[in-house]
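> model the following, please.
(one chain, ligands or ions: 2)
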Amino acid sequence: MNDSITLRRPDDWHLHLRDGAMLAAVAPHSAGFGRAIIMPNLVPPVVTGAQAAAYRDRVLAALPEGSALDPQMTLYLTDGTDPADVVAAHRAGIIRAVKLYPAGATTNSASGVTDFDRVRPVLEAMADAGIPLCVHGEVTDPDVDIFDREAVFIDRVLDPLRRRTPRLRVVMEHVTTSEGVAYARSGGDDLGATITTHHLVINRNAILAGGIRPHYYCLPVAKRESHRQALREAATSGEARFFLGTDSAPHADSAKLQPCGCAGCFTAPNTMSILAHVFEEQGALDRLEGFASLNGAAFYGLPPNEARIRLIRRDQPVQYPRTIAAGDETVTLFEPGHPLYWHLEDA
Ligand code: DOR
Ligand code: ZN
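Ligands and ions are numbered 1, 2, ... in the order given. Modelled structure (predicted):
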């Protein structure tokens, strides 16, 4: 059995860092990643290039001295997004991608897209400029069962959108279903898909069986076991289209532990230990570097990170805290349900 592996420094192609006291608390936990796509769903959202530049400065200020993290900013697509502002922000090196949230699909998505025809000029301009669209792929139709919303989105929205704007580069964010995996495979190198750490670990039983567990509630919601297996197979397949986007999404415990609690799992601190565990279980440790450190960079047209990290399997499990402090609040770490033996070190 391997007891140590060395990887190029990983990247996180989907990360929520928030703002203010929460940003200060959580940013250091992603400081060991190379690049990270920073989600724009603040309140209010990051919708202009100027706002993205200002947010980037706040992110950099929250990172500890010596941090490796190079934040890759995104704009939040709205019905009113100006194509010229998007292209200018990309040309100026302020943004890496644009995020599409269907209005109402998830946390802080009220300003998202309500009418896909209205954003066509933006999508055309992005296709021309080679700016990727990161898609939260769930319909918001209340008549669609929450466990079907990803598959229905692919048929009703994503596939028609890609046919209408065929040169647009698209990332299916946090795929959670075998349908999502299959659709990602139907595309060329213009289509990528991120997979989260937590969706490789939990199925929907974790949320609902034996009591309701808000810390496992996220969106898209975890599906049945066969879908988790499809995600594990995809992540460990070695296919370049699949790469890590943790969707680490911290919320104060006071906001999660409510009659109507927030969606999101906070996986930034223990992601690499969990992934090593999962890839080891799948007999695919040799493919972890592709998933976490190479494939996403290639999709975004960036070189892999030069620095290396080492994961060492020790007899004693890593001791992660159960919670971290964020201002006056606490944030609970994602708990995978078993000890983690892979310790992360800079190589
Ligand atoms: O679980 C989630 N939390 N899914 C999302 O899409 C958004 C995120 C958040 O911002 O909390
Ligand atoms: Zn997210």
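
> just to check, L63 is in contact with L69?
Yes. In this structure L63 lies within contact range of L69 using C-beta atoms under 8 Å: 5.7 Å. Just so you know, the C-beta spots here come from the backbone N, C-alpha and C atoms, and that holds for glycine as well.

> which neighbours do those two share?
Common neighbours of L63 and L69, counting by C-beta atoms under 8 Å, 6 or more residues apart in numbering, are 27, 31.

> contact partners for P304?
Residues in contact with P304 (C-beta under 8 Å, 6+ apart) are 8, 293-294, 297-298.

> can you tell me the element T194 falls in?
T194 is part of strand 191-195 when elements are defined by DSSP states H and E.

> more crowded one of L63 and L69?
Between L63 and L69, counting by other C-beta atoms under 10 Å, L69 is the more crowded of the two (25 against 19).

> against ligand 1, how distant is the more buried one?
Using C-beta to the nearest ligand atom, to the nearest Å, L69 is found at 18 Å from ligand 1.

> count of residues packed around the closest residue to that residue other than its chain neighbours?
Using C-beta to C-beta, 6 or more residues apart in numbering and skipping residues adjacent in sequence, the residue nearest L69 is A31, 5.2 Å away. For A31, the neighbour count with other C-beta under 10 Å is 16.

> right, and A31 touches A68 too?
Yes. Contact criterion C-beta under 8 Å: A31 and A68 qualify, at 6.4 Å.

> below-threshold pLDDT in this protein: ranges please.
1-2, 105-110, 346-347 (pLDDT under 70).

> point out the residues in it that sit beside ligand 1.
With C-beta under 6 Å from any ligand atom as the criterion, the chain meets ligand 1 at residues 16, 41, 106-107, 136, 218-219, 247, 249, 263-264.

> any chance of JSON lines for those, columns neighbour count?
As requested, those are exported to JSON lines (neighbours: other C-beta atoms under 10 Å):
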{"residue": "H16", "neighbour count": "25"}
{"residue": "N41", "neighbour count": "22"}
{"residue": "T106", "neighbour count": "20"}
{"residue": "T107", "neighbour count": "18"}
{"residue": "H136", "neighbour count": "24"}
{"residue": "C218", "neighbour count": "26"}
{"residue": "L219", "neighbour count": "21"}
{"residue": "D247", "neighbour count": "27"}
{"residue": "A249", "neighbour count": "28"}
{"residue": "A263", "neighbour count": "16"}
{"residue": "G264", "neighbour count": "23"}
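
> quick check: the two most widely separated of these?
Within the residues of the chain next to ligand 1, N41 and C218 form the most distant pair, 13.5 Å apart (C-beta to C-beta).

> returning to that earlier point: any chance of the residues of the chain next to ligand 1 in TSV with secondary structure as columns?
Shown next, in TSV, are the residues of the chain next to ligand 1 (DSSP: H, G, I helix; E, B strand; the rest coil):
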residue	secondary structure
H16	coil
N41	coil
T106	coil
T107	coil
H136	coil
C218	coil
L219	coil
D247	coil
A249	coil
A263	coil
G264	coil
